[in-house]
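> next input, structure requested:
(chains A and B)
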Amino acid sequence: MKKLFLGLTIIISAGILSAFYIPEKQSQNIKKDSSTSFVMPDSVKVVVDQSCYMCHNSNARGDAKDALNFDKLSSMKGPALVAHLQNIEKMVKHSWMPPRRFLSDHPEKALTEKQKQVLLDWVNAENNKLFSGN
Amino acid sequence: MKKVSRKFWKYFFGGLIVLFVGIQFIPIKMPVTSENNPDDFLMNVKMPEHVASMFRESCYDCHSNETKYPWYSRIAPSSWLLASDVIGGRNHVNFSNWNKLSKAQQIAVLSDVASEVKSGDMPFWAYPIMHPKARLSAADRKELVDWAQNYQNQIFYSH
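Down below sits the predicted model:
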């Protein structure tokens, strides 16, 4: 009987492990564009500098920089800019950024509700500009 | 020694069978399907036939309400994996709701589609094993990516 339980344990563990096979999230490729399309307001810049910029800048490494680079954001335009703003909105809305693992070491970098609203209002304003402009 | 290990395997496979039968009794609710989706992407967006068929064959089982469940969706544990793929897939992108998205959201979805297909991450790797029609060649991928990128421009510059 003991052996049966050992067998069951092994199988259940294998089952649980197999649940982690779901694909990892992938970084996005960034389209470059030369013309400047906006200037980030200071109120937004303060929040980004505090909670996002250290991972999402030209000197950063790896996935974070590939997914979003604030040094290049302001020179993007058109659909590429729209897509990046949407991604920022999604991450902020769901509190997926900054990453939870990072926040456990740096709780002071977490966004307050007010700071989230600053980012969301900004994305919204840029969106309105993008879709009423040309 | 030999005897012990034979005994082990006997219990191991015995356990496997008991477990396999047992898990069939765990109730599971597969995500609901619906054929009637007036806001559907393929119904509302004009695109080349081959591009449309790639979306339908390679993506729609996980990213629309029109999931076609295969026979093994009735058997645990593959039913669990399938359910989690469909729930996860629809959560990220559900083509059945296309017209409910804002233009900005549509552009973001197409941008994600282009990068996922370009990198080869989608369709999800295990899927084409059971669905050979869903396999995309390098040329297919390029066609899909190019279309998704062009259509972002169309949405953006045509408003």
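
> residues contacting the nearest residue to residue A:71 once chain neighbours are set aside?
Closest residue to residue A:71 apart from its sequence neighbours, by CB to CB, 6 or more residues apart in numbering or on different chains: residue A:58 at 4.3 Å. All C-beta spots, glycine's among them, are computed from the backbone N, C-alpha and C. Residue A:58 makes contact with A:65, A:69, A:71-72 under the criterion CB atoms under 8 Å, 6 or more residues apart in numbering or on different chains.

> after the host helix or strand of residue B:80, next one along is what?
Residue B:80 is located in helix B:78-92, with elements delineated by DSSP states H and E. Downstream of helix B:78-92, the next assigned helix or strand under DSSP H and E is helix B:103-119.

> in that next one, what's buried?
Neighbour-count burial for helix B:103-119, with 16 or more other CB atoms under 10 Å in any protein chain shown as criterion, is recorded at B:103-118.

> residues in contact with the helix or strand of chain B with the lowest mean pLDDT: which ones?
None of the helices or strands of chain B scores lower by mean pLDDT, DSSP states H and E than helix B:127-130, at a mean of 89. Helix B:127-130 is contacted by residues B:58, B:61-62, B:70, B:72, B:85, B:134-136 when judged by CB under 8 Å, 6+ apart.

> which helix runs longest in chain B?
Of all segments of type helix in chain B, defined using DSSP state H, the longest is helix B:2-23.

> packing partners of the next helix or strand after it?
Using DSSP H and E, the helix or strand that follows helix B:2-23 in sequence is helix B:41-44. When contacts are defined as 3 or more CB pairs under 8 Å, 6 or more residues apart in numbering or on different chains; DSSP states H and E, helix B:41-44 packs onto helix B:49-58.

> in the contacts of helix B:127-130, find the pair that's most separated.
The largest separation in these, counting by CB to CB, is between B:72 and B:136 at 22.4 Å.

> now do the SS call for residue A:46.
Under DSSP: H, G, I helix; E, B strand; the rest coil, residue A:46 falls in the helix class.

> what strand or helix carries residue A:85?
In this assignment (DSSP H and E), residue A:85 forms part of helix A:78-93.

> neighbours of residue 59, how many?
If you meant another chain, say so; for now it's chain A. 8 (other CB atoms under 10 Å in any protein chain shown).

> think we crossed wires, I meant chain B
The local packing of residue B:59 (other CB under 10 Å) involves 23 other residues.

> that one against residue B:124, yeah?
No - the criterion here is CB atoms under 8 Å, and residue B:59 misses it with residue B:124 at 9.5 Å.

> and residue B:5, how many neighbours does it have?
With other CB under 10 Å as criterion, residue B:5 counts 9.

> nope, residue A:128 is what I meant
Residue A:128 has 11 neighbours, counted by other CB under 10 Å.

> the helix or strand harbouring it to helix B:103-119, inter-axis angle?
Secondary structure from DSSP H and E places residue A:128 in helix A:113-132. Calculated by axes from the mean of the first three to the mean of the last three CA atoms, to 10 degrees, helix A:113-132 forms an angle of 90 degrees with helix B:103-119.

> residue ranges in the chain under the pLDDT threshold?
By default, I'm working from chain A. Along chain A, segments meeting pLDDT under 70 span A:1-37, A:133-134.

> not quite, go with chain B.
Judged by pLDDT under 70, the stretches of chain B that qualify are B:1-3, B:159.

> residues in contact with residue B:23?
Neighbouring residues of residue B:23 by CB under 8 Å, 6+ apart: B:76-77.

> of all residues in chain B, which one is closest to chain A?
residue B:15 (2.8 Å; CB to the nearest CB).

> please report how far that residue lies from residue B:75.
With distances taken as CB to CB, to the nearest Å, residue B:15 is found 18 Å from residue B:75.

> give me every residue in chain B lying close to chain A.
Contact residues, chain B versus chain A (CB under 8 Å from any CB of the partner chain): B:7-8, B:11-16, B:18-19, B:77, B:80-81, B:84-85, B:88, B:103-105, B:107-108, B:110-112, B:115-116, B:118-119, B:121, B:124-126, B:152-153, B:155-157, B:159.

> list the buried ones in stretch A:73-81?
Judged by neighbour count using 16+ other CB under 10 Å, the buried positions of stretch A:73-81 are A:73, A:76-81.
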